[in-house]
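Colleague: generate coordinates for the sequence data below:
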Amino acid sequence: MFFRLPERIKGIFLLVFPAVFVFMLMMQAAPALANTPAAVIDPVGGTYTSAQSVTIDNIPSGDVAYYTVNGTNPQISGTLIYYSGAFTVSQSETVNAAIRSSSGWGSVTSATFDINSSSGALVISPSGGSYTSSQAVTISNISGTAYYTTDGSSPETSSTRIAYTAPFTVSQSETVEAVNDTSTGWSSVTSATFDISSSSGSGAPAISPSSGAYTSSQAVTISNISGTAYYTIDGSSPETSSTRITYTGTFTVSQSETVEAVNDTSTGWSSVTSATFTIGSGSSGVTLLSEPTAETGNAASIVGNYATLNGDITSNGGDIINGYGFYYSTDQNQWSQVTAGTDNHYGSFSYNLTGLTINTNYYFKAYATNPEGTAYGSVVSFITSAQSTQTTQSTGGPAIDPAGGTYTSAQTVTISNIPSGDTAYYTTDGSNPETSSTAVTYSAAFTVSQSETVQAAVHDPTSGWSSVTVASFTISSQSPAQSGSSSDQIDQLQQEFATALSYNQIDQATQILKQIQHLEKAQDTIANLEEQFTDAYSDSNWGSAETILKTIISMENPDWAYSQLGQIYQQQGVSNISVFVNGNEVNFDVQPVIVNDRVLVPIRQIANALGLSDNDVTWNADGSVAINDGSNQILITDNDQQVSLNGNPYSLDTPAQIIDGRMMVPLRAISQLLNKNVQWYPTGQIVEIS
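Modeller: Residues are numbered from 1 along each chain as shown. All right, here's what the predicted structure looks like:
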């Protein structure tokens, strides 16, 4: 059977096909390389006389890192540990770390630590400090018999000394003194002072042991009780929750859960103390990888041959999600698969399923895949209606202008191609305008100020409904190049282009084609800049290389460019800390500083760089500063490790402080409280926020 393409479609096809053909050849010729970077272990290993706090860096947004402390390969070891933050190495051991992305493992980075005091002194971990909850304390580097005291007396002679046999809990402010009794005499004394106080100083209870990963059930005690102590184990507030429990004695946590505790005193409620326990098998802190968990939701927007399928990924199994979507069928024997995404996704997702048969019973189930396997949700059914969304009148569907895409500001949208005497309807919630209760009668241009999907259809009193025209808008404060790689955007637009052609939406297809051509030109520009950078780098022309890299970062924001920029800074002897937000470098009037391994920056300037106005940053009479981004309100006080997030206490490991007349705040903590991604590049001291 032969058919003839309409001339306008033929013209678009002839224009696009050569580029698509060349793109396919390039994809066949390109080797399948994993782009996962190597992990960076800090410090890099060595000989130390005390326990070391170790971090793993260079982890791209959306990827995860695993490590081992027994010298085994984390890519294949059964004792791998999921990296969630700094950990302590208190004895001689080798740390191996690797990053896992959807494209595979990165290479393994190794760091060997030799913890050995020249005097044979013991190592106390943690090494003391200020805490808001009880601390589990270990003593290592033992030779002979180790003794300790918690009352500040000498462990060599004190009658209160205790022989160390296992980790013990410090639940109140005290000093631990420890010593080795060896065959050659006493070692020198190791001392660690612990300041255990509530987050608000208002008498909050203490939970022991503190948050952490454990291999077996834990006996939990609550101390520092004033009045009546209540707790929950489901993460709910113990002040108001119907599931709260009155604390009367030690209880057991036998599965992973969060304990929240509070004191009900004669003067009111104390602040809430929280401890999260991860209970798993293997060595302490071990994360055993498993298949993900997927749940099937209900179908929505069911009209004729169209339905929206909903699902949810409730667990990633500790690994990277590399595929998710749905299977659907009319008989539960022959299943068809549709892919909703291949990114490392967590949470709810949906897929708009078209081409269905009207008045038919369908079954569907969600699925999610990680390298360990595929999980499926339960089977859910729905029945399509007798009316098809493809019932087309002779005038065809309306035109939406602009035809969708990614924008950095609100868009004024018009609907045209409405025959005289007909009426156009539209929705902005993705529902079908033919049947939706949220459909709006089109009378004039309207504004799309947030990411949403516009659907429009024309109704003729005689011939009925036209086909539905769809336009998806992504409104982002980032430029298109910063919201994802141009290659990813081109792939997405090519899919939208094919969909528009399948619905005979020529105007929309033409608009999408223009966006593809614009991005292809940007790709060419970036390719030329990369060649210029290679030449400048080879000639050791660091100034030119730096300028070119910053141009590439502003256009596409690739991770590799930050790593290269850090190397150039190192070559130039640059010692300042650089901060980039969405590819744009932030200039500070007071330079960022590092305090306790944390980068501190001026609060107002970083807030402005994150898209907030001066009106969103308020100085209060008591010297505190409030940040309000419309969704969250953060209250920060100088030299206070506690901040308030929407009225709830939140602990900082490094407090804000006044430097050169500027309130300096920990960059990572504040950015994450405002739901931003933060990446640290230690070489060159660069911070990337997106």
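Colleague: buried ones in stretch 218-226?
Modeller: Neighbour counts using 16 or more other C-beta atoms under 10 Å place 218, 220-225 of stretch 218-226 among the buried residues. Where you see a C-beta, it was placed from the backbone N, CA and C, and this is true even at glycine.
Colleague: could I get that stretch in PDB with only the CA atoms?
Modeller: C-alpha atoms of stretch 218-226 as PDB (Å, rounded to 0.1, in the frame of the first residue of the first chain):
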ATOM      1  CA  GLN A 218      19.500  -1.600  69.400                       C
ATOM      2  CA  ALA A 219      18.400  -1.000  73.000                       C
ATOM      3  CA  VAL A 220      17.500   2.600  73.200                       C
ATOM      4  CA  THR A 221      17.400   4.800  76.300                       C
ATOM      5  CA  ILE A 222      16.100   8.400  76.700                       C
ATOM      6  CA  SER A 223      17.800  10.500  79.400                       C
ATOM      7  CA  ASN A 224      17.800  14.200  80.500                       C
ATOM      8  CA  ILE A 225      14.100  13.800  81.200                       C
ATOM      9  CA  SER A 226      12.200  16.800  82.700                       C
END
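Colleague: from the chain's centre, how far out does that stretch sit?
Modeller: Chain-centre distance of stretch 218-226: 33 Å, with C-alpha atoms, centre = their mean, to the nearest Å.
Colleague: now swap in stretch 399-413 and tell me
Modeller: 28 Å.
Colleague: stretch 634-648 now?
Modeller: 22 Å.
Colleague: circling back: which one among the buried residues of stretch 218-226 gets closest to Y131?
Modeller: Nearest to Y131 among the buried residues of stretch 218-226, counting by C-beta to C-beta, is N224 at 12.4 Å.
Colleague: give the contact list for the nearest residue to the closest one once chain neighbours are set aside.
Modeller: Among residues not flanking N224 along the chain, A206 sits closest, at 4.5 Å (C-beta to C-beta, 6 or more residues apart in numbering). Neighbouring residues of A206 by C-beta atoms under 8 Å, 6 or more residues apart in numbering: 133-134, 171-172, 196, 198, 222-224, 273.
Colleague: next: F326.
Modeller: 309, 311, 337-338, 340, 351, 353, 364-367.
Colleague: just those residues: which has the poorest pLDDT?
Modeller: Within the contacts of F326, L353 has the lowest pLDDT, namely 83.
Colleague: pretty sure that one contacts I302?
Modeller: No - taking contacts as C-beta atoms under 8 Å, L353 lies outside contact range of I302: 9.8 Å.
Colleague: compare these two (neighbour count), which wins?
Modeller: For L353 and I302, the more surrounded residue by other C-beta atoms under 10 Å is L353, and the numbers stand at 21 against 18.
Colleague: tell me which of the contacts of A206 fall in strands.
Modeller: Using DSSP state E to define strands, the subset of those located there is 196, 222-223, 273.
Colleague: now the contacts of F326 in a markdown table, with secondary structure?
Modeller: Putting the contacts of F326 into a markdown table (DSSP: H, G, I helix; E, B strand; the rest coil) gives the following:
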| residue | secondary structure |
| --- | --- |
| L309 | strand |
| G311 | strand |
| Q337 | strand |
| V338 | strand |
| A340 | strand |
| Y351 | strand |
| L353 | strand |
| F364 | strand |
| K365 | strand |
| A366 | strand |
| Y367 | strand |
